[in-house]
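*Asks:* Provided below are the primary sequence and the corresponding predicted coordinates.
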Amino acid sequence: MKYKEDIFPGRTYCSCSNFLYSIYNRVLKPTPKTRIYIDYNQEKIVIECKICGKKENIPFSRIKPKRNSCMD
């Protein structure tokens with residue numbers, strides 16, 4: 001099950017068929033054809049395609065690292 005959970009979480013393409021990003025093992029991996037903005041007030045990351053301008057909002061909760069129980 002862990003194998004599927006690590007690979008499945010997110011892949012997004014824009015209208016010009018450009019691959020924007022993937023989330024693998026809770027790590028965000030954008031492509032070079034994107035711009036990244038961080039909005040700390042709304043706790044999200046905005047990834048924008050440089051070619052067509054499509055914007056994708058990703059909440060911090062999808063990429064925050066898991067907490068260790070010893071650090072709580």
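*Replies:* Structure received.

*Asks:* sketch out the helices for this structure, chain order is fine.
*Replies:* With DSSP state H as the criterion, the chain has helices at 2-7.

*Asks:* my read is that Ile51 contacts Thr34, right?
*Replies:* No: using C-beta atoms under 8 Å, Ile51 makes no contact with Thr34, being 9.5 Å away. (Glycine included, C-beta is placed from N, CA and C.)

*Asks:* higher neighbour count, these two?
*Replies:* Set Ile51 next to Thr34 and count neighbours by other C-beta atoms under 10 Å: Thr34 wins out with 20 against 13.

*Asks:* so what's that one bridging to?
*Replies:* Using DSSP bridges, the bridge partners assigned to Thr34 are Cys49.

*Asks:* so where is the protein shaky, pLDDT-wise?
*Replies:* Within the chain, the segments meeting pLDDT under 70 span 1-13, 17-20, 23-26, 62-72.

*Asks:* let's see that with 80 instead.
*Replies:* Counting by pLDDT under 80, the chain contains low-confidence ranges at 1-31, 58, 60-72.

*Asks:* I'm done for today, thanks for sticking with me.
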